[in-house]
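Chemist: sequence and predicted structure, then a few things I'm wondering about:
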There are 2 protein chains.
Amino acid sequence: MNSTLVNRALKHAEALCRRRGVRLTEQRKIVLRLLCVSDKPISAYELLDRMRGVVKNPAPPTVYRALDFLLEQGLVHKLESLHAYVGCTHPDHPHASQFLICDDCGEVTEVEDAGLAKSLKTAGKAIGFRTKRPIVEVLGTCAQCNAKRDE
Amino acid sequence: MNSTLVNRALKHAEALCRRRGVRLTEQRKIVLRLLCVSDKPISAYELLDRMRGVVKNPAPPTVYRALDFLLEQGLVHKLESLHAYVGCTHPDHPHASQFLICDDCGEVTEVEDAGLAKSLKTAGKAIGFRTKRPIVEVLGTCAQCNAKRDE
DNA sequence: ACCTCGGATGTTATATTGTTACATTGGCAA
DNA sequence: TTGCCAATGTAACAATATAACATCCGAGGT
């Protein structure tokens, strides 16, 4: 994400937190910015490293607490299959996302296919299952890497 | 899974491995049996504990190697969101599974919705993404736990 | 039967990810 | 101001997973 978009995303996050009456503190904002700036997912300990220099003595709880908050607010997502985190590309509204994860270049694309989310939910409902959090992470190779390989 | 079904599953796995020319060794069979016997997912270290007494001095690589093999052969699945493993309930054919995970009782239901898998794949294809492994894990509460709570 | 080669296992250590527990700080409201 | 609760600091530790290298064992060729 370029710096203009990052600033916009941060402004947006601030407004959203203000509306909700929760505090987007400095540390939380730092973590959010780090995730937004990167176009690839970042692990908790990688975030920890990148916080040094900005924060005095960051320890694991520092970053995990910030991540917990941001996840709760829907501002970032966790990629379970990578043990890594990404900034949410459209935090405007609560939503169930799906992720396309390129295992070649590592790039992650967040898509929001409401139809897919709905049919998942419906499939569960059919056997009495009440859906809370649907996790969809598709591992494969992105268009760019496919093109490269096919040259 | 009851013992009759477990034995059937093991026989099946043996036949399948023989056909493929790979070796379902004793340790691998032990891990597979442990997973089949349980109706809940088991973590690698829990498997390690349960192997003591059956295997002499099992170490982490012991169980991870067995799991790697079984995963490759499609005989077990990994639940990324739980860091745990389950025996595959229909290993007859390669397939993309989805899992319904009850975060109350811990029970996991494997479903195989080919339509869902296909629409995932198609959605990726639309943007040039080549799907290898689609991960679908739906967190929520199962019918039984919902009933209990609504009493 | 013997050899040999590669896959499977043994063993030790270490890397990576995430949590617990308790002390301290800091903002906000009565 | 005071009191409270959320947020942060700090140290230790738990849980998950892998690396690296030695050894064993079994199928296939001779």
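Modeler: The structure has been received and is ready for your questions. Numbers count the residues shown, from 1 in each chain, chains lettered A, B, ... in the order given.

Chemist: what helix or strand is A:Lys78 located in?
Modeler: Counting by DSSP states H and E, the element that carries A:Lys78 is strand A:76-79.

Chemist: each with direction, which strands does that strand pair with?
Modeler: Strand A:76-79 pairs in its sheet with strand A:84-87 (antiparallel), by DSSP bridges.

Chemist: quick one: mean pLDDT over the next helix or strand after the strand it pairs with.
Modeler: The helix or strand immediately downstream of strand A:84-87 is strand A:98-102, counting by DSSP H and E. Averaging pLDDT along strand A:98-102 gives 97.

Chemist: counting by contacts, list what the next helix or strand after strand A:98-102 packs against.
Modeler: Using DSSP H and E, the helix or strand that follows strand A:98-102 towards the C-terminus is strand A:108-111. Applying 3 or more C-beta pairs under 8 Å, 6 or more residues apart in numbering or on different chains; DSSP states H and E, one finds that strand A:108-111 contacts strand A:98-102. For glycine as for every other residue, the C-beta is placed from the backbone atoms N, C-alpha and C.

Chemist: wait, does the strand it packs on contact DNA strand C?
Modeler: No: no part of strand A:98-102 sits near DNA strand C under the criterion C-beta under 7 Å from any atom of the strand; the closest distance found is 14.2 Å.

Chemist: wait, does that strand contact chain B?
Modeler: Yes: Strand A:98-102 reaches chain B (C-beta under 8 Å from any C-beta of the partner chain) through A:98, A:100, A:102.

Chemist: could I get those as a markdown table with neighbour count?
Modeler: Putting the residues of strand A:98-102 next to chain B into a markdown table (neighbours: other C-beta atoms under 10 Å in any protein chain shown) gives the following:
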| residue | neighbour count |
| --- | --- |
| A:Gln98 | 23 |
| A:Leu100 | 26 |
| A:Cys102 | 21 |
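
Chemist: for these, which one is nearest DNA strand D?
Modeler: Nearest to DNA strand D among the residues of strand A:98-102 next to chain B is A:Cys102, at 18.2 Å by C-beta to the nearest atom of the strand.

Chemist: ok, the closest one touching A:Cys142?
Modeler: Yes: contact criterion C-beta atoms under 8 Å: A:Cys102 and A:Cys142 qualify, at 3.8 Å.

Chemist: quick check: neighbours shared by those two?
Modeler: Taking C-beta atoms under 8 Å, 6 or more residues apart in numbering or on different chains as the contact rule, A:Cys102 and A:Cys142 both touch B:Phe129.

Chemist: for chain A, what lies in contact range of chain B?
Modeler: A:80-81, A:98, A:100, A:102-103, A:109, A:111, A:113, A:115-116, A:119-120, A:123-124, A:127-144, A:146-147.

Chemist: buried members of these into PyMOL, please.
Modeler: For the buried members of those, the matching PyMOL selection, counting by 16 or more other C-beta atoms under 10 Å in any protein chain shown, is:
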select buried, chain A and resi 80+81+98+100+102+109+111+113+116+120+123+124+129+130+131+134+135+136+137+138+139+140+141+142+143
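
Chemist: helices - which of the residues of chain A next to chain B land there?
Modeler: The helices, defined by DSSP state H, take in A:115-116, A:119-120, A:123-124, A:143-144, A:146-147 from these.

Chemist: domain parsing for chain A?
Modeler: Following automatic domain parsing, chain A resolves into domains at A:3-87, A:98-150.

Chemist: select, out of those, the one closest to B:Leu48.
Modeler: In terms of C-beta to C-beta, the element of the domains of chain A nearest to B:Leu48 is domain A:3-87, at 20.3 Å.

Chemist: ends of the closest one, how far apart?
Modeler: One end of domain A:3-87 to the other measures 14 Å (C-alpha to C-alpha, to the nearest Å).

Chemist: coming back round to it: ok, residues contacting the strand holding A:Lys78?
Modeler: Contacts for strand A:76-79 (C-beta under 8 Å, 6+ apart): A:31-32, A:35, A:41, A:67, A:70-71, A:84-88, A:97, A:99, A:101, A:108, A:110, A:137.

Chemist: buried only: go through those for me.
Modeler: Among these, those scoring as buried are A:31-32, A:35, A:41, A:67, A:70, A:84-88, A:97, A:99, A:101, A:108, A:110, A:137 (criterion: 16+ other C-beta under 10 Å).

Chemist: got the angle between the longest strand seen in chain A and strand B:130-141?
Modeler: Longest strand of chain A, by residue count under DSSP state E: strand A:130-141. Orientation of strand A:130-141 against strand B:130-141 (axes from the mean of the first three to the mean of the last three C-alpha atoms, to 10 degrees) gives an angle of 160 degrees.

Chemist: many thanks, we can stop here.
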